[in-house]
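Trainee: A predicted structure for the sequence below; I have some questions about it.
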Amino acid sequence: MKYRRLGRSGLMVSELTLGTMNFGGPTDEATSLLMIDKAVDCGINFLDCANVYAEGRSEKILGKALKRNGKRHEVLMTSKAFLPTSERPNDRGNNRHNLINSCIKSLKRLQTDYIDIFFLHRTDWNTPQEETLSALNYMVDRGYIRYIACSTHPAWRTVEALHIADRKGYPKFVCEQPPYNLLDRRIENEIVPMCQEYDLGIITWSPLAQGVLAGRYRTADDLPINSRATQKSIYAERITDVGIKIARRVRDWAKEKDLSPTALSVSWIIHQPAITSVIIGPCSPEHLDDLVASQDIHLSPENLAWFDTLVPPGTFVSDHFNSAGWQRPA
């Protein structure tokens, strides 16, 4: 496993991050525990979670796994807050009330005294960033969390938060977690340059474009039973016939090179400038093995240029920002 520095933090994180969104549904607990052990054993030291994954079950499984294998202090664990966790109006957003309460509940589910990196799951247009950063500062001071970060934030909003932190003496974000894959390359326009300028790490999600690059879908109207696209409308919107057509070309190219298209798609991201780590979300141990194999793939400049002919830099054919509300398709 290779490691890269996480922004200004100085932390060294594996190029692959184990995403836990599937743990506790659709992946059962026993399989989830097995994959966590296997990922850590192969050198993955960054484990990504959130308070809303499987309604909290993902956090419980992750906490149970690390308590059982005794490797809590060998890894970096994340969690997030922002999305609604109940019908109550204040159990959502980046207000002080929700962030602190969410963090305390996450600590209990994770069976840990601290969360290494605590993410704002999305930006909150209803709460001043001064209040949000003050709450994060409170939690850092009390040892609940060690570093703070943001996910799927517009570049200007992240920069605003960095300036507020400078002015107030609050901790600064150490990384951003945006969607990024061959079918949606828009972070290359503003988010990547911003992170390079301000020395922020980039931890990317949805490397397989929600399964499209893994060949999961035949057409945008023919959604496999139990696929993620059948669960929510925002997931279904990301499946496009253009994206599926491009995925077939990637699959054919991978076959010529005797490579897995899933490993190839993850490797493509690892080869991109400024990327720190790629979140992989395996559903089975075999899927995990396939994704870890991405580390062994070398792509030449000529190879990377071929991918650019499929989806030019900075463009998209599948909208993976549709859960954010601020990145509007042209």
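Mentor: Thanks, I have the structure now.
Trainee: any chance you could map the helices in the stretch 201-330 of the chain?
Mentor: If DSSP state H, counting those that start in this stretch is used as the criterion, the helices of the stretch 201-330 of the chain fall at 233-236, 241-256, 261-270, 285-292, 301-310.
Trainee: so which of those is nearest residue 6?
Mentor: Taking Cβ to Cβ, helix 261-270 is the member of these nearest to residue 6, at 14.9 Å. C-beta here means a position set from N, CA and C on the backbone, and glycine is covered the same way.
Trainee: what comes into contact with that closest one?
Mentor: Applying Cβ atoms under 8 Å, 6 or more residues apart in numbering, the set of residues contacting helix 261-270 from outside is 15-16, 180-182, 204, 207-209, 213-215, 247, 250-251, 253-255, 257, 275, 278, 280, 287, 290-291, 293-295, 297, 299, 304, 307.
Trainee: residues near the closest residue to residue 319 other than its chain neighbours, how many?
Mentor: Ranked by Cβ to Cβ, 6 or more residues apart in numbering and with sequence neighbours excluded, the top spatial neighbour of residue 319 is residue 329, at 5.3 Å. Neighbour count for residue 329, taken as other Cβ atoms under 10 Å: 10.
Trainee: what's the pLDDT at residue 329?
Mentor: Residue 329 carries a pLDDT value of 79.
Trainee: how near is it to residue 269?
Mentor: Distance, residue 329 to residue 269, by Cβ to Cβ, to the nearest Å: 21 Å.
Trainee: if I look at residue 254, how far off is residue 187?
Mentor: Taking Cβ to Cβ, one finds residue 254 at 23 Å from residue 187.
Trainee: more neighbours, those two?
Mentor: residue 187 (27 against 19).
Trainee: pretty sure that one is in a helix, no?
Mentor: Yes - Residue 187 forms part of a helix when assessed by DSSP: H, G, I helix; E, B strand; the rest coil.
Trainee: excluding its backbone neighbours, what's nearest it?
Mentor: Excluding its sequence neighbours, the residue lying closest to residue 187 (Cβ to Cβ, 6+ apart) is residue 178, at 4.8 Å.
Trainee: so how many other residues sit close to the one you found?
Mentor: Residue 178 has 25 neighbours, counted by other Cβ under 10 Å.
Trainee: list the buried residues in stretch 219-230.
Mentor: Neighbour-count burial for stretch 219-230 flags 220, 223, 227, 228, 229 (criterion: 16 or more other Cβ atoms under 10 Å).
Trainee: now those residues in TSV, with pLDDT?
Mentor: Shown next, in TSV, are the buried residues of stretch 219-230 (pLDDT from 0 to 100):
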residue	pLDDT
220	94
223	90
227	86
228	85
229	90
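Trainee: alright, calling it a day.
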